[in-house]
Every structure is written in structure tokens, then in C-alpha cells.
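# Sharing a model prediction with you, sequence too.
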Amino acid sequence: MRAKDIMTTPVHTVAPDTSVEGAAEMMTTNSVTALPVVDHGRLVGMISEGDLLWHRVPPDPTARLRHYPDTDPGERPGKVSEVMSPDPLTTWPEADVAEVATQMLDNDVRSMPVIENDRVVGIVSRRDILRSMVRTDEVLAREVQHRIDEYGDGSRGWTAGVHRGIATVTGSFDNDTEQAVVAILARTVPGVAAAQVHAIEGS
């Protein structure tokens, strides 16, 4: 499964000079936890809920005096460019989702922009990865069946099944190329870990 199979697109983005309040409103309105920061089409950073909370939650003066008497709040930042994380971790559409998940965990990030030709074409979050993992075998089998029926015009009699994420397509095939195409179609279903084809002679 590739990043392009589960990424969210189109992507909600903000500019460096967007107000912090504007970024927070966009996150809550669109139910996202992070936004790519784009300047003239180029990715220049990421801003997350954590960035906003860290810099913008109003302090309780009494609590601060009690626990942090030497802390000076200073002037709170007003623009995204002041609180964003520069040089964000990115991936690309053909990246293996397992690799993307590992990078997220190793670098403690919750979202990764997907870049193609220097442009943000999608975003993958931990939620996207988890959603793809929890799909049942029955749901996966229906989607595999739908894809191979479309390819074979519904008249080839191919039967798809999925067990523990492994798809199996059974039926007759004109040649090895057709078998390969069917296997590829099955593997492109998000949540399918692998695919195999069982050819039945004379069926």
C-alpha cells in the first residue's frame, strides 16, 4: 500500500503570514491536527496543534507566580511563520505506508505532507494509516471484487477473497499478463497487504 492510496487530498494549507488565530480556526473547522505552510507553492513548514498550544494558550497569572515566578511571557507570536516548524518531514506518493509510519514514529510527528514535483499533493496522518489498517477482510474483498469486475467487464467470473489482509483472486486468465494486472489491481486496494492469483484451467 502506497502513500497515495490513503493520503488526504486536496490539502488545507496556510501561508507564512496567516494569523495564528486563522490557522487555529482552519484546523478546527476542517478537523485536522496540522497544516502545511506554503509560500508561493513551495512547502516551507508545518504548523500543528502543539505549536499553537505551546505559544498561544493564555497563562494563568496566579499559577505562573506560584510555579514559574521567573518566567517572562513576552509578546505572543501573531503569525504562522513565528510558530511553525521549518523543514518538515515529507514523503512522496509512491512511498510504502509502512515506511511512512516508521518515519512518523521515529520523528514523533503526526502528519506528513506528500510532495510531487515540489508541490504538496496530499497529506498522510497517523489517523489515515490506522483507518486503512482496521478495514475488515469482508470490506477489502468487496473492493477487490469491484476493481477486478471493472477490469474484466464483470464477465470473467473472477472471484476475490481476503483472509488476514491477503487477497486471493481465483478464475481463468487468458495469459500471464492478465494475471499480473489482476494481482496489481488487488494490491492497490488500501488495506490489502499482498495479493495472489489462482488460475483454474478450463474454467
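Good, I have the coordinates. Residues are numbered from 1 along each chain as shown.
# On the strand side of things, show who Val197 bridges to.
Bridge pairing for Val197 (DSSP bridges) gives the partners Val169.
# okay, now it: neighbour count?
Counted by other C-beta atoms under 10 Å, the residues lying close to Val197 total 20. Placement of C-beta: from N, CA and C, glycine included.
# go on, Thr13?
Residues near Thr13, counting by other C-beta under 10 Å: 18.
# What pLDDT does the model give it?
On pLDDT, Thr13 comes in at 94.
# Quick one: residues contacting it.
Leu35, Pro36, Val37, Val38, Val120 (C-beta atoms under 8 Å, 6 or more residues apart in numbering).
# can you rerun that using 10 Å?
When contacts are counted by C-beta atoms under 10 Å, 6 or more residues apart in numbering, Thr13 touches Met26, Leu35, Pro36, Val37, Val38, Asp39, Gly41, Leu43, Ile47, Pro113, Val120, Ile123.
# pLDDT below threshold where in the chain?
55-77, 202-203 (pLDDT under 70).
# Are any of the contacts of Thr13 buried, and if so which?
Met26, Leu35, Pro36, Val37, Val38, Leu43, Ile47, Pro113, Val120, Ile123 (16 or more other C-beta atoms under 10 Å).
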